[in-house]
Every structure is written in C-alpha cells, then in structure tokens.
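1. Have a look at this fold, sequence not included:
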C-alpha cells in the first residue's frame, strides 16, 4: 500500500478533532475540588460568623480566588498541549495577583499607622496559608490527573499551573470559614497559600506528568 493510500485509510471516518479537550478535563475536577474544599472547611472549621462585613469580604475572596482559578486554569490548559503560547494566561495571572496586591497596599496605607499591622495579620495569618494548602490537596490530585491525560511537554511548569488552579479552588472553599475581612490579609495570606500549592504542583510535575 502506498503512503498516500495508508493516510487516506487511517483518516477515513476520523471526523473533526474534539474541541476544548483540556477545559473538559480540568473544569470537572476543579468544580469537584472546590465542592470538597468547601464541605471540608465548614465541617472541620465551621462557617464564618454571619455579619455584614464578613459577608461582603466573602464576595471579595470569591472574586479574587475565582479570577486566579480562571487564569491558572487557562495557563494549565495551554501547558497541557505541546508548543502552546502561555503569554496571555501568564499576563492575566500577573494582572490579577498584582492588582490584588496593589489594592491591599492602598487599603493598608489609608489606615492609621497603629492599625496597619492588625489589618495585615488579622487573627489567623499563621494558619490561613496552611488551611488553603490542606483544603487544596484533593483538587491538586485531580488537576494533576487531568493534565497528565493530555500532552504536557513542560511538566514542571504544567505542575505549577495545575497547583495554582488547585490552590485557588482550595481558597474558594476556605473562604466559607475564614473570618477575616481585610483585603490586605487576603492579598498576602491567600496568595501565599495558593503559591504553596503551586510549589507542590511544580515539585510533583516532573514525576507525575512525564510521558
């Protein structure tokens, strides 16, 4: 059989390639990870008190973690495919995190000097990043599994992106239990927790994402 005939035979009935394969693998595990994180947070740490300030802060936390999750998910989807450009998702991720940092600095700067440290550290800065990390572990396992089933050629970077997505999902769950209302607190300690999960993903990437 000639090469041209072989190619034609293999292509017969193949149909168009499926669209958004990465998103269809990542989205369900991210949603499941967020649900698990939220249920675990409420079960283990309780629900944050229902006050106007805390409820307003909850939407701020959801907005920040949700934007980080969207940007990190986009980045993970790009890194799960060979030779895909990551400039746009990296820029979006930088804008989200950097913008939150600027808002946090401005909010703290506007306070009297005696109140700034309390606004930065709150009452739970020593546990917040670790709670985000712990609640993110199911999502991390899921996002690494989703990326592994694709074609990542940069396993450490893909692991980092999967970890950032999982960390943001864990932060969404933790927000249900977190009593802090400071935007500076969220900008620093939530970001640190998400970064810890990203670091775990980067460390695991070369081992679990190799072909």
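-> Sure thing, it's come through. Quick caveat: nothing in here was measured; it's all calculated off a predicted structure.
2. gap between the two ends of stretch 175-185?
-> Taking C-alpha to C-alpha, to the nearest Å as the measure, stretch 175-185 stretches 12 Å from start to finish.
3. Same check on stretch 146-153?
-> End to end - C-alpha to C-alpha - stretch 146-153 spans 14 Å.
4. Show me which residues of that stretch are buried.
-> 146, 147, 148, 150, 152 (16 or more other C-beta atoms under 10 Å). Quick note: C-beta positions are derived from backbone N, CA and C, even for glycine.
5. Likewise for stretch 153-168?
-> 154-168.
6. Among the buried residues of stretch 146-153, name the ones in helices.
-> 146, 147, 148 (DSSP state H).
7. Could you find the closest non-adjacent residue to the first one?
-> Counting by C-beta to C-beta, 6 or more residues apart in numbering, the nearest residue to residue 146 once its immediate chain neighbours are dropped is residue 25, at 4.0 Å.
8. so what secondary structure elements neighbour the helix or strand hosting that neighbour?
-> Following DSSP states H and E, one finds residue 25 within helix 21-45. In terms of contacts (3 or more C-beta pairs under 8 Å, 6 or more residues apart in numbering; DSSP states H and E), helix 21-45 is packed against helix 52-79, helix 128-148, helix 155-174.
9. ok, now which ones touch residue 158?
-> Counting by C-beta atoms under 8 Å, 6 or more residues apart in numbering, residue 158 makes contact with 76, 79, 80, 147, 152, 205, 209.
10. what's the closest non-adjacent residue to the fifth one?
-> Of all residues beyond its chain neighbours, the one nearest residue 152 is residue 158 (3.9 Å), with distances taken as C-beta to C-beta, 6+ apart.
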